[in-house]
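>>> Build me a model:
(2 chains)
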There are 2 protein chains.
Amino acid sequence: MNYESLFPTNVKVALMNDPPGAWMPQLPESCIRLSAGYPAPELVPSEQVRSAVNRLIHQERDLPLHYLGSPRVDFLRAQLQERLKHRGIDIREHELLVTSGGCQAIDLIAKVLLDDACVVAVEAPTYMEALEIFRNYTHQIVSVPMDEWGLQTDVLETVLTKRTDAGLPMPRFLYTIPSFHNPTGTTLPLERRLKLLKLAEAFDFLIVEDDAYGELSFANAPVPLKAMDRSGRVVYVGSLSKVVAPGLRVGWIAGPQTLVHACSWFKKDLDHPFAQATMAAYLQDVDFTKRVEALRVAYRKRRDTMMRALDTYMPAFASWHVPEGGFFVWLHIPEIDTTKLLYKALDRGVSFVPGQYFFVNPADGRHFLRLSFSYVDEEQMVKGVQTLGQLLT
Amino acid sequence: MNYESLFPTNVKVALMNDPPGAWMPQLPESCIRLSAGYPAPELVPSEQVRSAVNRLIHQERDLPLHYLGSPRVDFLRAQLQERLKHRGIDIREHELLVTSGGCQAIDLIAKVLLDDACVVAVEAPTYMEALEIFRNYTHQIVSVPMDEWGLQTDVLETVLTKRTDAGLPMPRFLYTIPSFHNPTGTTLPLERRLKLLKLAEAFDFLIVEDDAYGELSFANAPVPLKAMDRSGRVVYVGSLSKVVAPGLRVGWIAGPQTLVHACSWFKKDLDHPFAQATMAAYLQDVDFTKRVEALRVAYRKRRDTMMRALDTYMPAFASWHVPEGGFFVWLHIPEIDTTKLLYKALDRGVSFVPGQYFFVNPADGRHFLRLSFSYVDEEQMVKGVQTLGQLLT
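From the prediction side, this is the model:
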């Protein structure tokens, strides 16, 4: 049978975004994974999660293993609201939807706001999974360039003005990672944040703020857009993947009730009671403010090691900016095709993510690559950077 | 801001399926939940899950808490393939997709096979969540009546012949729960199964077989449609929710590779490494065939208790058929509006699911209701049925 012929047009179109060989090659087991945007193994609280599960099942028996039941799931929601308050964001109960990580949050938002008649705006570069998700809903993706301070809001204004003059529709929303950006590591300064909020009002679009790395600041903690949102235009996506553990899949949407309700209607994986109750039990037992402080110190140390290694081993024609938080540093390597470089690096046992994956137009990323300082241990990290340096000289 | 105005048409239409007050009322805490399609608390292996997590984290530390990592996730897939073999279904690796329970499986299949130009066929009555999901993709839902032996395949043939004669499109697929049906408890006999497979070929449609209860037989284990499928027309939906625990959210799709790949492309909650690794670790330590046998004995005993209670307390005008497996019994109560009855029952501390939720046309279910014998303890079950009987006499 020809099953493809049964797919509706929108599905056929979306599946064209998944051509064979388009994604990262399989990495060998022993590889130094400078590609991996994972938290550091030693910073994943596996022992605490283990004891949280023991406590949970001792106290609640089968409850967290049913569809609903564990009262701790409500506690999780309360905890997330509490964490948001620390970031200056005050939301009510119906403005919060717990999701399976940030990815599902982005997918649900795209689902309820986009179809192929809609325009979406993204940063160039942007988070690759988000790009992949948006492409499933629309082919009209507008890229707005970044510089070392993140999204160029003046360029955004020019783009939107030109679109207005040409009678083209405004983007339904702009997807942005204003703090410790993936992949660039940049952070949007306050004046650009305020400018962006003004533009959203002036040109009538929403902002989807992905704040997955927002708490992992090495110096000053940036204020989320959502905390400064006076017109209800910011939909906030949060995640505990970077600050606790991605494998528990706890993310969320904080936004207007109407939108949150619509997202929840389409969330047909239902809830994940065991994972959510486990996360809640873990959070009950940890001083989270202290934990975040410890994470900041640990990742700052890793960032410093990465920076020293880059200074030592990278050729003079490579350049980068020092990230003030998060997991990543973004390298510009003129003249070098980073996708080809990856295959050479893999032969030498090192991985990174070539720039092409982060752009609507892959060619725009040809001379860039993303290194992660979050996952591999520092000795390996230095060795990996040294190898990359050797390949470039 | 008027956020509704931003939703694309398909989203607006889908949200109309969620009118205020359309769903089951909130149940009081102390209620005897004859409505709950949950496994029995004492049959949820919470202690074994607890020790599985201890073993898992002791052996793998942070691995199951990352995005990928635990080799046990592969073991889970192998285990699911093994379980399918026991049911006579032999599939290869790329024909299997692990999902967040059966609901996500149904949603993904609907996503890749339906749009508003497509017809889908369902049993009348059918699983309420499935109906809710299909309504999000198309308004063209054809209901085919059931009798005490499940789907009336001769009526299906008539319906399809008439549609052919009238030049109407065939359903893209028929959604069926052939074994221990939700809500009716019926099981499709072998000759109807063979007939259904023939009809799928003759009229060129797919069959989505939901086998969530298939292993929970009280006498003879029915052979899944998928095990008899010679033309690749059956897409199988499985779940460990009823036989292990719903809160771990492990379900799956077994079907043609092209279709499974398409489903996986749209599964943007990514995988659930911790829950899946926990399930795998649990399965490694349990004699599952023995477990399923024990579940059959336990639920058969509960079924018997329910039947005795119905015989004792129900008025003569109520009727039902004895289910040969699963969780449910379906009552026909002529003249009584079961939605109104529910409010009276809730006042007396008993819940059930009124028939209206299981039909495309809610009025068709007015004189039916679903009772579950899976969840509440047997003493409470009898008390609950007695209360319902009193309300009816």
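
>>> Show me which residues of the stretch 251-393 of chain A sit near chain B.
A:256, A:258-259, A:262, A:265-266, A:268-270, A:272-275, A:277-278 (CB under 8 Å from any CB of the partner chain). C-beta here means a position set from N, CA and C on the backbone, and glycine is covered the same way.

>>> can you count the residues close to the spatially closest residue to A:Gln356 that is not a sequence neighbour?
With sequence-adjacent residues excluded and distances taken as CB to CB, 6 or more residues apart in numbering or on different chains, A:Gln356 is closest to A:Pro362, at 3.8 Å. If you count neighbours by other CB atoms under 10 Å in any protein chain shown, A:Pro362 ends up with 14.

>>> I'd like the mean pLDDT over stretch A:365-376, please.
For stretch A:365-376, the mean per-residue pLDDT is 98.

>>> That one: how far from the chain's middle?
Remark: stretch A:365-376 is offset 14 Å from the chain centroid, using CA atoms, centre = their mean, to the nearest Å.

>>> Domain parsing of chain A, as residue ranges.
Domain assignment for chain A by automatic domain parsing gives A:3-44+A:290-392, A:48-284.

>>> returning to that earlier point: these two touch, right, the residue nearest to A:Gln356 and A:Asp337?
No. A:Pro362 lies out of contact with A:Asp337 (CB atoms under 8 Å); the separation is 11.2 Å.

>>> is stretch A:27-44 up against chain B anywhere?
Yes. Under the criterion of CB under 8 Å from any CB, chain B is reached by stretch A:27-44 at A:38-39, A:41-42, A:44.

>>> could I get that stretch in CSV with only the CA atoms?
Output in CSV follows, covering the C-alpha atoms of stretch A:27-44 (Å, rounded to 0.1, in the frame of the first residue of the first chain):
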residue,chain,number,x,y,z
LEU,A,27,27.7,10.3,17.0
PRO,A,28,30.2,7.6,18.0
GLU,A,29,29.8,6.5,21.6
SER,A,30,33.3,7.7,22.7
CYS,A,31,33.0,11.1,21.1
ILE,A,32,33.7,14.3,23.1
ARG,A,33,30.3,15.8,22.8
LEU,A,34,30.7,19.6,22.5
SER,A,35,27.5,19.3,20.6
ALA,A,36,25.4,18.2,23.6
GLY,A,37,23.1,20.8,25.1
TYR,A,38,22.7,18.6,28.2
PRO,A,39,23.2,19.6,31.8
ALA,A,40,26.4,18.3,33.4
PRO,A,41,26.1,14.7,34.6
GLU,A,42,27.3,15.7,38.1
LEU,A,43,24.7,18.5,38.3
VAL,A,44,21.8,16.2,37.5
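
>>> if we can go back for a sec, out of the domains of chain A, which is the most enclosed?
Between the domains of chain A, domain A:48-284 has the highest mean count of neighbours, a mean of 21, where neighbours are mean count of other CB atoms under 10 Å in any protein chain shown.

>>> mean confidence for that one?
pLDDT averaged over domain A:48-284 gives 96.

>>> before we move on, back to that, quick check: which of the domains of chain A is nearest to B:Leu6?
Shortest distance between B:Leu6 and those, using CB to CB, is found for domain A:48-284: 5.9 Å.

>>> which phi and psi does the residue nearest to A:Arg163 when sequence neighbours are not counted have?
Closest residue to A:Arg163 apart from its sequence neighbours, by CB to CB, 6+ apart: A:Met170 at 6.7 Å. Main-chain torsions, A:Met170, degrees, to the nearest 10: phi -70, psi 160.

>>> Does A:Met170 touch A:Val119 like I think?
Yes. Counting by CB under 8 Å, A:Met170 touches A:Val119, with 7.0 Å between them.

>>> I'd assumed A:Ala363 was in a strand, is it?
No. Checked against DSSP: H, G, I helix; E, B strand; the rest coil, A:Ala363 lies outside a strand; its state is helix.

>>> Which residue, neighbours along the chain excluded, lies closest to it?
A:Gln356 (7.3 Å).

>>> Compare the domains of chain A and give me the one nearest B:Tyr67.
domain A:48-284 (4.8 Å).

>>> Look at the closest one and report the distance between its end residues.
For domain A:48-284, the first and last residues are 11 Å from each other (CA to CA, to the nearest Å).

>>> Say whether chain B is contacted by stretch A:11-26.
Yes. Counting by CB under 8 Å from any CB, chain B is contacted by stretch A:11-26 at A:11, A:14-15, A:18.

>>> what about A:Val144, helix or strand, and which?
strand A:141-147 (DSSP states H and E).

>>> That strand packs against which elements?
Packing partners of strand A:141-147 (3 or more CB pairs under 8 Å, 6 or more residues apart in numbering or on different chains; DSSP states H and E): strand A:120-124, helix A:128-135, helix A:153-165.

>>> Switch the ones you listed over to JSON lines, and while doing so, append distance to B:Thr176 to every line.
JSON lines is the format used below for the helices and strands packed on strand A:141-147 (distance: least, CB to CB, whole Å):
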{"stretch": "strand A:120-124", "distance to B:Thr176": "38"}
{"stretch": "helix A:128-135", "distance to B:Thr176": "32"}
{"stretch": "helix A:153-165", "distance to B:Thr176": "49"}
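
>>> hang on, the earlier thing: turn the domains of chain A into JSON lines, columns for distance to B:Ser372.
Putting the domains of chain A into JSON lines (distance: least, CB to CB, whole Å) gives the following:
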{"stretch": "domain A:3-44+A:290-392", "distance to B:Ser372": "35"}
{"stretch": "domain A:48-284", "distance to B:Ser372": "13"}
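
>>> Go through the ones you listed and name the closest to B:Leu283.
With CB to CB as the yardstick, what comes closest out of those is domain A:48-284 (14.6 Å).

>>> where exactly do the strands run in the stretch 51-200 of chain A?
Using DSSP state E, counting those that start in this stretch, the strands of the stretch 51-200 of chain A run over A:96-99, A:120-124, A:141-147, A:150-151, A:173-176.

>>> Verify the contact between A:Arg303 and A:Ser217 for me.
No. Applying CB under 8 Å as the test, A:Arg303 and A:Ser217 come out as separate, 11.1 Å apart.

>>> For the spatially most central residue of chain A, give me its contacts.
The residue lying closest to the centre of chain A (CA atoms, centre = their mean) is A:Ala212, at 5.3 Å. Counting by CB atoms under 8 Å, 6 or more residues apart in numbering or on different chains, A:Ala212 makes contact with A:102, A:177, A:182, A:237-239, A:241-242, A:251.

>>> quick one: what helix or strand has it in it?
Short version, using DSSP H and E: A:Ala212 is in no helix or strand.

>>> Okay, and the beta partners of the closest residue in space to it that isn't next to it in sequence?
Residue nearest to A:Ala212 in three dimensions, not counting chain neighbours: A:Ser239, with 4.5 Å by CB to CB, 6+ apart. For A:Ser239, the beta-bridge partners under DSSP bridges are A:Gly251.

>>> Surely A:Ser217 and A:Val297 touch.
No. The pair A:Ser217 / A:Val297 is not scored as a contact, 11.3 Å apart, by CB under 8 Å.

>>> Quick one: list the elements packing against the helix ranked longest in chain A.
Longest helix in chain A by number of residues (criterion: DSSP state H): helix A:288-313. Contact partners of helix A:288-313 among helices and strands, from 3+ CB pairs under 8 Å, 6+ apart: strand A:328-332, helix A:378-392.
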